[in-house]
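Q: Okay, sequence plus prediction incoming.
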Amino acid sequence: MLIDEFDINEVIIENQKAINEVRNIIIENEHIYGKKPKFFLKTYGCQMNEHDSEKLYSMLRMAGFEETTSLEDADLVLYNTCTIRANAENKIYGNLGHLKAIKRNKKHMIIAICGCMMQREHAVERIKTTYKHVNIVFGTHNLHDFPNLLLKYLKEKKMVIDVWKKSKGIVEGIKVVRKKPHKAFINITYGCNNWCTYCIVPLTRGRERSRPKDSILKEVTMFLRQGVKEIILLGQNVNSYGNDFDYDYKFGDLLKDVASLDFDFRLNFMTPHPKDFSDDVIDAIRDYDKINKYVHLPVQAGSTKVLKKMNRSYTREEYVTLVDKLKAKIKDLSISTDIIIGFPSEEEEDVDMLIDLIKYVEYDTAFTFIYSVREGTPAEKFEQIPEDVKHKRFDRMLAALNEIVIRKNAEMKGKTVRVLVDSYSNGMLTGRSDCNRNVTFEGDESMVGTFKKVLITRPKKFSLSGTLVEE
Ligand code: 5AD
Ligand code: SF4
């Protein structure tokens, strides 16, 4: 069960109190800003961070700030950081350096930084010593406390650092402002128990905790009543949902319960782990119309040897068996994946095996990464592969992958897909199909946030273009 070390309701009351106090201080100080104060919020990393930012966005709006997309115009800058690969961290340090110059001419500017990178002691130390113009630092486990920390800074004008080593329980009831009003991300689990040897996530997001089913269903229903058209269930490992419950309610049960809600919407989830992909989940995807026939199935490596070194808990053969089963049961299934190249112990023949696997599965798309050593993970101690070798292997793998992706997109010509329209610009609409492809077509702005049927007429390399099918 949940480790509720604090009273959740109390947390939300405190949070709201702090938001109101910040709002009052801001109104009193409006002469400093000369206008309504503005915030610039930038998010790095995964959907989990994007969703956390929807909560931060809502707190800032309630506290009286307005959004700006210009750093120069901002009175408060907030970076929600990622640490999954070294380049994600380097970008943040670069941005903080740039902000120093801006702040020199704008003394009242508040700089806050949060997210996964702040769960790393060395990063917080570096900020304390090198980036003294940063005002507020907090982590992933106390995101809900941001208004309090902001308030503390406004009152004391001294750097506020508050990073919790671990979670004290799941905070329910934080409001979100959705980036796209028709799409709602819903956390179902937090953290990860898998300890893949390359991955920093277990160290930044902590042990896996599942949200109670009733809270999830309540939140989903609320969003659907508001007219949301896509629900995305989120977790580092969604299909181990419920493993920490003392009653029997698993991911398949949740999927079916959400898909049974009587509204017009589509249902997606990410990210599932191949080792936990049970038959009832496969059957649910096949049997429930609302669940997209699309699965993101991170493979990471193509040989059992490298998978073992990564501690992925499945062999190449088990992964292939799972893909065979998914394809046999679900007609026209789209599959995407995550791939890491250059992980310790990898040899050219492991890359050959990966390419064979890519050709066998015929991924519709893939997120590809060059392995980046993360401090504190087991793989940090493994013998590393030289950077130039990693890059050569990456290019070889990518060429093979792109060939497949481009061919599969070309095969979409003449097919009709259903698209949830995300945006409009200059007469053109863009959205994602039920098979998770980016589709553009001509239409008008009123179609944003609705489902449309589109005939694919011009497949491009990595996206599709088509014409609206009148209904
Ligand atoms: N180096 C490179 N890629 C990584 N990923 C996770 N950790 C690392 C790392 N240290 C990739 C995995 C994961 C995705 C979100 O990021 O492929 O699925
Ligand atoms: Fe990282 Fe592995 Fe957990 Fe995914 S499953 S978050 S890759 S440890």
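A: Right, received. Where do you want to start? Numbering: from 1, shown residues only. Ligands and ions are numbered 1, 2, ... in the order given.

Q: nearest residue to residue 369 other than its sequence neighbours?
A: In space, and not counting its chain neighbours, residue 369 is closest to residue 340: 5.1 Å by C-beta to C-beta, 6 or more residues apart in numbering. All C-beta spots, glycine's among them, are computed from the backbone N, C-alpha and C.

Q: Give me every residue in the stretch 151-300 of the chain lying close to ligand 2.
A: 192, 194, 195, 196, 199, 201, 202, 236, 237, 273 (C-beta under 6 Å from any ligand atom).

Q: so who does the second one touch?
A: Think residue 194. 202, 236, 237, 273, 311, 313 (C-beta atoms under 8 Å, 6 or more residues apart in numbering).

Q: Drop anything exposed from these.
A: In those, burial by neighbour count holds for 202, 236, 237, 273, counting by 16 or more other C-beta atoms under 10 Å.

Q: I'd like the distance between residue 76 and ligand 2.
A: 30 Å (C-beta to the nearest ligand atom, to the nearest Å).

Q: which residues are contacting the longest helix along the chain?
A: Counting by DSSP state H, the longest helix found in the chain is helix 387-410. For helix 387-410, the surrounding residues in contact (C-beta under 8 Å, 6+ apart) are 339, 341-342, 346, 348, 351, 354-355, 358-359, 362-366, 368, 370-371, 437, 459-464.

Q: For that helix, buried residues please.
A: Buried residues in helix 387-410, counted by 16+ other C-beta under 10 Å: 390, 393, 394, 396, 397, 398, 401, 404, 405, 408, 409.

Q: For residue 84, which three-state class applies?
A: Per DSSP: H, G, I helix; E, B strand; the rest coil, the local secondary structure of residue 84 is coil.

Q: i'd like the first residue to be 618 from this point on
A: All set: I'll call the first residue 618, so the last point we hit is now residue 701.

Q: thought it was touching residue 662?
A: Yes. Taking C-beta atoms under 8 Å as the definition, residue 701 is a contact partner of residue 662 at 6.3 Å.

Q: which residues are in contact with both of these two?
A: Among the neighbours of residue 701, those also in contact with residue 662 (C-beta under 8 Å, 6+ apart) are residue 733.

Q: Count residues in the vicinity of residue 703, would you?
A: 12 (other C-beta atoms under 10 Å).

Q: hmm, who's touching the worst-scoring helix or strand of the chain on mean pLDDT?
A: Every helix and strand of the chain was ranked by mean pLDDT, DSSP states H and E. The lowest is helix 647-650, at a mean of 82. Helix 647-650 has contacts (C-beta under 8 Å, 6+ apart) with 653, 654, 692, 725.

Q: how about the helices in this protein?
A: Taking DSSP H, the helices of the chain run over residues 625-645, 647-650, 664-679, 703-721, 738-747, 763-773, 818-822, 830-842, 868-876, 896-904, 921-926, 933-946, 965-978, 1004-1027.

Q: any idea how far the third one is from the chain center?
A: To tie it back to what came earlier, the one meant is helix 664-679. Here helix 664-679 shows a centroid-to-chain-centroid distance of 12 Å under the convention C-alpha atoms, centre = their mean, to the nearest Å.

Q: Spell out which parts of the stretch 868-1017 of the chain neighbour ligand 1.
A: So far as C-beta under 6 Å from any ligand atom goes, the stretch 868-1017 of the chain lies against ligand 1 at 915, 917, 955, 957, 986, 988, 989, 991.

Q: In strands, which of the residues you listed fall?
A: Among these, the members found in strands (DSSP state E) are 955, 957, 986.

Q: May I ask which of the residues you listed has the most neighbours?
A: residue 957 (25 neighbours).

Q: got a list of what it touches?
A: Per C-beta under 8 Å, 6+ apart, neighbours of residue 957: 815, 917, 918, 927, 986, 987, 988.

Q: Which residue, other than its chain neighbours, is closest to the residue in the stretch 868-1017 of the chain that ligand 2 sits nearest to?
A: Closest residue of the stretch 868-1017 of the chain to ligand 2, C-beta to the nearest ligand atom: residue 890 (5.5 Å). Leaving aside its sequence neighbours, residue 890 sits nearest to residue 854 (C-beta to C-beta, 6+ apart; 4.7 Å).

Q: and residue 699, backbone torsions?
A: Main-chain dihedrals, residue 699, degrees, to the nearest 10: phi -130, psi 150.

Q: now swap in residue 757 and tell me
A: Here is the backbone geometry of residue 757 (degrees, to the nearest 10): phi -80, psi -30.

Q: wait, which of the residues of the stretch 768-917 of the chain next to ligand 2 is closest to ligand 1?
A: Nearest to ligand 1 out of those is residue 816 (C-beta to the nearest ligand atom; 4.5 Å).

Q: State the pLDDT value of that closest one.
A: pLDDT, residue 816: 96.

Q: number of nearby residues for it?
A: 21.

Q: Is it in contact with residue 990, as I believe?
A: No. Contact criterion C-beta under 8 Å: residue 816 and residue 990 do not qualify, at 11.6 Å.

Q: export stretch 1044-1064 as PDB, just CAs?
A: What follows is stretch 1044-1064, C-alpha atoms only, in PDB (Å, rounded to 0.1, in the frame of the first residue of the first chain):
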ATOM      1  CA  GLY A1044      -4.800  26.500 -43.500                       C
ATOM      2  CA  MET A1045      -3.100  23.300 -42.500                       C
ATOM      3  CA  LEU A1046      -4.100  20.900 -39.700                       C
ATOM      4  CA  THR A1047      -1.700  18.600 -37.900                       C
ATOM      5  CA  GLY A1048      -2.500  15.700 -35.600                       C
ATOM      6  CA  ARG A1049      -1.700  12.100 -34.700                       C
ATOM      7  CA  SER A1050      -3.400   9.100 -36.200                       C
ATOM      8  CA  ASP A1051      -4.700   6.200 -34.100                       C
ATOM      9  CA  CYS A1052      -1.500   4.400 -35.300                       C
ATOM     10  CA  ASN A1053       0.600   7.200 -33.800                       C
ATOM     11  CA  ARG A1054       1.700   8.900 -37.000                       C
ATOM     12  CA  ASN A1055       2.000  12.600 -37.600                       C
ATOM     13  CA  VAL A1056      -0.500  13.600 -40.300                       C
ATOM     14  CA  THR A1057      -1.100  17.000 -42.000                       C
ATOM     15  CA  PHE A1058      -4.100  17.900 -44.100                       C
ATOM     16  CA  GLU A1059      -6.000  21.000 -45.200                       C
ATOM     17  CA  GLY A1060      -8.900  22.200 -43.000                       C
ATOM     18  CA  ASP A1061     -10.100  24.900 -40.700                       C
ATOM     19  CA  GLU A1062      -9.200  25.900 -37.200                       C
ATOM     20  CA  SER A1063     -12.600  24.700 -35.800                       C
ATOM     21  CA  MET A1064     -11.400  21.100 -36.300                       C
END
